[in-house]
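S.K.: Could you look at this predicted model? Sequence included:
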Amino acid sequence: MSPPDPNGRDSLRARLRAATGPAHRALEDSLDWRARVATLAGYRDLLARLHGFHAAWEPAIGMELADEPFLGPRRRLALLAADLGHLGLSPTGIGALPGPGPVRLPGAGAAMGALYVLEGSTLGGQVIGRHITSLHGFSGDGLGYYRAHGPRTGAMWSIFLERLERFSDDHTAVTAGAVATFAALRVWLCGPQPGEAAGSITMPERETRLSETIMRKQ
Ligand code: HEM
């Protein structure tokens, strides 16, 4: 039997989009990306936080999916390091950037849910990337993370969605993984960093608990 159409009403993608819609809006609101990328220092801080997140989540996703030909072109940690280098951070400085700590995902379904969040961010990322280009002039160097798949964004997303539908039977785990990843990303990008004063964002209790179940230290 062929997998469901990713754009169909009963697709796993449709269910995921409905389940994570509120989290997407909450992240967009908390991120306040226009203000953050308005200065080079703010843009660098955002990339540094994304670097910490990808450094923790990409290996966790890779371990559970065990499919490097599929995941490899979607990894963006090296792009973040190159952008940060272009913005003046030394390799030692990049290596010393804080991260949320090791993550373990409970299976391939949860990993696919987490990847749905990271791949989905390449869509809105195109809007953010164009804005950064207009403000700071970067187009190649310095914009690798937001450029991501560039002109192949639509094709990469379609291929991702086709693969996602193979996980329909595991939809509970995929959804839990996606919801938890959105919550963890919001905490990491918008909350205080290690060593900073606490404050700024309030996480709904349920989201915090979900993300804690996934972000177990090894
Ligand atoms: C790091 C933060 C973000 C993450 C993790 C994220 C995640 C996602 C995900 C998972 C999707 C796919 C939804 C679907 O199934 O269709 C998506 C789509 C999208 N996001 Fe975001 N997003 C982020 C930030 C933003 C921001 C700041 C904007 C606004 C500029 C934005 C605009 C969009 C747009 C326009 C789409 C495409 C909707 C469509 O074509 O159906 N996103 N994002």
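M.R.: Cool, the structure landed.
S.K.: buried residues in the lengthiest helix in the chain?
M.R.: Taking DSSP state H as the assignment, the helix of the chain that covers the most residues is helix 108-136. Of the residues in helix 108-136, 108-122, 125-126, 128-129, 132-133, 136 count as buried by neighbour count, 16 or more other Cβ atoms under 10 Å. C-betas here are computed from N, CA, C, even on glycine.
S.K.: ok, now stretch 28-35?
M.R.: Buried-residue list, stretch 28-35, by 16+ other Cβ under 10 Å: 30-31, 33.
S.K.: With stretch 7-20 instead?
M.R.: 11-13, 15-16, 19-20.
S.K.: what separates it from the chain centre, distance-wise?
M.R.: 18 Å (Cα atoms, centre = their mean, to the nearest Å).
S.K.: Kindly report the same for stretch 26-45.
M.R.: Using Cα atoms, centre = their mean, the offset of stretch 26-45 from its chain centre is 15 Å.
S.K.: cool, and stretch 62-78?
M.R.: 13 Å.
S.K.: Give me the mean pLDDT for it.
M.R.: Averaging pLDDT along stretch 62-78 gives 98.
S.K.: Output it in PDB with nothing but the alpha carbons.
M.R.: Output of stretch 62-78 as PDB, limited to C-alpha atoms (Å, rounded to 0.1, in the frame of the first residue of the first chain):
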ATOM      1  CA  GLY A  62      21.200  10.900  13.800                       C
ATOM      2  CA  MET A  63      21.500   8.100  16.400                       C
ATOM      3  CA  GLU A  64      17.800   7.200  16.200                       C
ATOM      4  CA  LEU A  65      17.200   7.600  12.500                       C
ATOM      5  CA  ALA A  66      20.500   5.800  11.500                       C
ATOM      6  CA  ASP A  67      20.100   7.100   8.000                       C
ATOM      7  CA  GLU A  68      23.000   9.400   7.200                       C
ATOM      8  CA  PRO A  69      22.200   9.700   3.400                       C
ATOM      9  CA  PHE A  70      18.900  11.200   4.400                       C
ATOM     10  CA  LEU A  71      20.000  13.300   7.400                       C
ATOM     11  CA  GLY A  72      23.400  14.400   6.300                       C
ATOM     12  CA  PRO A  73      22.300  17.100   3.800                       C
ATOM     13  CA  ARG A  74      19.900  18.400   6.500                       C
ATOM     14  CA  ARG A  75      22.500  18.900   9.200                       C
ATOM     15  CA  ARG A  76      23.200  22.600   9.700                       C
ATOM     16  CA  LEU A  77      25.800  22.600  12.600                       C
ATOM     17  CA  ALA A  78      28.700  23.100  10.200                       C
END
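S.K.: on that earlier part again, what about the ligand: which of the buried residues of helix 108-136 touch it?
M.R.: Contacts with the ligand within these, counted by Cβ under 6 Å from any ligand atom: 116-117, 120-121, 128.
S.K.: The residue sitting nearest the centre point of the chain and H54: what is the separation?
M.R.: In the chain, the centroid-proximal residue (Cα atoms, centre = their mean) is L118; its distance is 3.2 Å. Taking Cβ to Cβ, to the nearest Å as the measure, L118 falls 8 Å from H54.
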